[in-house]
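Student: quick one, what's the 3D model for this:
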Amino acid sequence: MPVVCNYSIPSLSLINLKLMSRKGYIIHDQQAIYYMTFTVVGWIDVFSRQAYRDIVIDSFKYCQQHKGLHLHAYVIMSNHIHLIASVDEGHNISDFVRDCKKFTAKNILQEIENSGIESRRDWMLHQFKYYASRHSRNEQYQLWEHDNHFIELISPTVSQQKIDYIHNNPVKAGLVYKAEDYIYSSASNYAGIDQIIDVDCLFFGL
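Tutor: Residues are numbered from 1 along each chain as shown. Coordinates of the predicted model:
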């Protein structure tokens, strides 16, 4: 039988997210646990290179140490990231999202521009510049989609469904036979084997 984690899902009202026209979702409970997706503009396969995936992992680790982040599950696919996260009291999940996206965008773009390893450099920068030109709040380039669609996890059943969905992404994409064999995913954390980042696993006695 699965072990019930001490880090429990808080009892919260069903509607804590309000859709705002052209502004994504407003987060009303900053300490709730959320399923979220970060998507690269144009579904560009940025994370086909390990160097860029490692920048995301470094950002997660920094936020765990300094931003009160609890990373409960994640997967880094070629052009998007799924994660389940919450933060300690005194911190805001909105701040984590903003800072993580800002840090990763800045460092990935610098790596693309300056490392000399990116054969797609000119095409990628052209695409990022194009997407930036469509929004007045951008600077020269845009890496991440602006819209943030968060789902508050209010029950063990929904939470387990999202964890399973996250971990099965690489299997469905044909990258691995077993979810725990994909390095850039928390499936290995839940399986209790080698892992590249600590995760606050959520286990439920369903």
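Student: all the strands of the protein, residue numbers only.
Tutor: 17-20, 24-27, 34-39, 69-76, 80-87, 151-152 (DSSP state E).
Student: and the ones you listed as JSON lines, adding distance to I183, mean neighbour count and mean pLDDT?
Tutor: No exception for glycine: its C-beta is placed from N, CA and C like everyone else's. As requested, the strands of the chain are exported to JSON lines (distance: least, Cβ to Cβ, whole Å; neighbours: other Cβ atoms under 10 Å; pLDDT from 0 to 100):
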{"stretch": "strand 17-20", "distance to I183": "32", "mean neighbour count": "12", "mean pLDDT": "35"}
{"stretch": "strand 24-27", "distance to I183": "30", "mean neighbour count": "16", "mean pLDDT": "62"}
{"stretch": "strand 34-39", "distance to I183": "18", "mean neighbour count": "20", "mean pLDDT": "96"}
{"stretch": "strand 69-76", "distance to I183": "9", "mean neighbour count": "23", "mean pLDDT": "98"}
{"stretch": "strand 80-87", "distance to I183": "14", "mean neighbour count": "22", "mean pLDDT": "97"}
{"stretch": "strand 151-152", "distance to I183": "26", "mean neighbour count": "18", "mean pLDDT": "94"}
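Student: now render those as a markdown table, adding distance to D122.
Tutor: A markdown table is the format used below for those (distance: least, Cβ to Cβ, whole Å):
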| stretch | distance to D122 |
| --- | --- |
| strand 17-20 | 36 |
| strand 24-27 | 31 |
| strand 34-39 | 23 |
| strand 69-76 | 24 |
| strand 80-87 | 23 |
| strand 151-152 | 37 |
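Student: nearest to Y177, out of the ones you listed?
Tutor: Checking the strands of the chain against Y177 by Cβ to Cβ gives strand 69-76 as the closest, at 15.7 Å.
Student: just name the shakiest helix or strand of the chain by mean pLDDT.
Tutor: Least confident element among the helices and strands of the chain, by mean pLDDT, DSSP states H and E: strand 17-20 (a mean of 35).
Student: rewinding a little: who wins for proximity to I93 among the strands of the chain?
Tutor: Nearest to I93 among the strands of the chain is strand 80-87 (5.2 Å), distances taken as Cβ to Cβ.
Student: which strands or helices does the closest one pack on?
Tutor: With contacts taken as 3 or more Cβ pairs under 8 Å, 6 or more residues apart in numbering; DSSP states H and E, strand 80-87 sits against strand 34-39, strand 69-76, helix 93-114, helix 156-172.
Student: distance from the chain centre to it, please.
Tutor: Distance of strand 80-87 from its chain centroid, counting by Cα atoms, centre = their mean, to the nearest Å, is 4 Å.
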